[in-house]
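Enquirer: what follows is a predicted structure for the sequence shown.
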Amino acid sequence: QQGDLVRIVMTRTSDDLLPRLGVLNSQGEDISRESQTQAGEYIATVTFPETGWYLLQASALQGTGRYDLYTSRLADAVLQIGQSLTNTFVPQTTSLSYIINARIGDLIAVTMFATDAASGVTPSLELLDLSLNVLAQVDGDRFATMRATIPRSAPYIVRASNRRPEATGDYNLRLTSVPADKESFAPVRVNYNSQQSGTISDVQPLDFYRFSGKTDELVTVTMTGESAALDSFLILMDSDLNELAANDNVEAQQNARITQ
C-alpha cells in the first residue's frame with residue numbers, strides 16, 4: 001500500500017553466498033535503500049510510493065548458497081515536518097507507527113497530546129531506527145514531547161502508544177525539526193587516490209571527509225581498522241547530507257568498503 005515502510009532481510013544459511021536485495025517498481029527501477037550490510041546478511045528498506053505490485057529481487061554479490069528471506073511492515077503512515085495529525089486509540093489499537101525522514105545532526109521534536117482530557121488516553125512516544133532499536137523514549141500524563149538528535153540520514157519510526165490500553169480517545173501528533181549545520185561537522189577535504197588516518201573513540205565517534213565528484217563517476221571508499229577493537233563503518237552522503245550508500249563489514253572482516 002502507498003506509504004508502507006517495509007524492511008526485507010536476506011540471510012545466508014550455507015556456503016559463501018554474499019546476499020543482494022532490490023525492490024523494483026513497475027518500470028524495473030530499484031527503489032529500495034540499503035540500511036545495513038554485513039557478511040552473510042543484506043537488509044533493505046523501502047517506502048512504497050503508490051499502491052500496487054512490486055518485485056523483490058534476491059541475488060548475490062558473489063558466491064553461491066542457500067538463504068532465508070523475511071519481510072515485515074514497520075509503519076504505514078508518513079509524518080511530515082510541520083504536519084499535525086490526529087488519530088484515535090481504541091482497546092484493539094493501543095500503538096500506531098509513523099515514518100519520518102531525517103538527516104544526520106537534525107534536532108527533532110515530536111509532540112503528542114490527548115485531545116480529550118476525559119478520555120484517559122496517556123501518551124507514550126518512541127523513536128526507533130530501521131533495525132527497531134529505541135533511540136529515544138518519553139511518557140506523559142496528557143502531553144508528551146520527545147527530543148532527539150538524529151545519528152544518521154535515514155527514515156525513522158515514531159511509535160505513538162497509549163499507556164492505558166482500556167481507554168478510547170483521540171490524540172494529536174506534530175513533528176518539528178532544526179536542520180544540522182553542515183559546517184559544524186568540520187569535514188576534512190580530500191582528493192581521489194589519497195589515504196587518510198584517524199582515530200575513532202567514545203569522545204570522537206565520527207570523522208567526516210569531503211571530496212568533489214562528478215555525475216556518473218564510480219567511487220570506491222575503503223576503511224581499514226588498525227586494531228581488532230574497531231568495527232569499521234562507512235557512510236557516503238551527498239552535499240545535502242542525504243545518504244547514498246553505506247557498508248558495515250565487507251566479506252568476513254571488520255573492515256568497510258563502498259564499491260563503485
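Expert: That came through fine. Numbers count the residues shown, from 1 in each chain.
Enquirer: please count neighbours and contacts with C-alpha atoms only from this point.
Expert: Noted.
Enquirer: show me what the helix or strand encompassing Ala148 is packed against.
Expert: Following DSSP states H and E, the helix or strand that holds Ala148 is strand 143-149. Where contact means 3 or more Cα pairs under 8 Å, 6 or more residues apart in numbering; DSSP states H and E, strand 143-149 is packed against strand 107-114, strand 123-128, strand 134-139.
Enquirer: tell me the most buried of these?
Expert: strand 123-128 (a mean of 22; mean count of other Cα atoms under 10 Å).
Enquirer: for that strand, packing partners?
Expert: strand 107-114, strand 134-139, strand 143-149, strand 154-162.
Enquirer: which one, of those, ends up nearest to Asp30?
Expert: Among the helices and strands packed on strand 123-128, strand 154-162 comes nearest to Asp30, with 17.0 Å by Cα to Cα.
Enquirer: where does pLDDT dip in this structure?
Expert: 35-38, 250-253 (pLDDT under 70).
Enquirer: show me the helices in it, by range?
Expert: For the chain, no helices are identified by DSSP state H.
Enquirer: ok so, going back, I'd like the helices and strands packed on strand 123-128 written out as JSON lines, with distance to Thr71 added.
Expert: Output for those, formatted as JSON lines (distance: least, Cα to Cα, whole Å):
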{"stretch": "strand 107-114", "distance to Thr71": "28"}
{"stretch": "strand 134-139", "distance to Thr71": "20"}
{"stretch": "strand 143-149", "distance to Thr71": "28"}
{"stretch": "strand 154-162", "distance to Thr71": "17"}
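Enquirer: for those strands, which one sits closest to Asp170?
Expert: Proximity to Asp170 (Cα to Cα) singles out strand 107-114 among the helices and strands packed on strand 123-128, at 6.0 Å.
Enquirer: which residues does Phe89 contact?
Expert: Counting by Cα atoms under 8 Å, 6 or more residues apart in numbering, Phe89 touches Ser95, Val121, Asn162, Ala167, Thr168, Gly169, Asp170, Tyr171.
Enquirer: which of those tops the neighbour count?
Expert: The most crowded member of those, judged by other Cα atoms under 10 Å, is Val121 (30 neighbours).
Enquirer: please report the distance of that residue from Ala160.
Expert: Val121 is 11 Å from Ala160, where distance means Cα to Cα, to the nearest Å.
Enquirer: number of residues surrounding Ala246?
Expert: 20.
Enquirer: quick check: it touching Ile258?
Expert: Yes: counting by Cα atoms under 8 Å, Ile258 is a contact partner of Ala246 at 6.5 Å.
Enquirer: quick check: neighbours shared by the two?
Expert: In contact with both Ala246 and Ile258: Leu234, using Cα under 8 Å, 6+ apart.
Enquirer: residues contacting Asp238?
Expert: Leu244.
Enquirer: quick one on the thing from earlier: Ile108: which of the contacts of Phe89 is nearest?
Expert: For those, the nearest to Ile108 is Tyr171 (19.4 Å; Cα to Cα).
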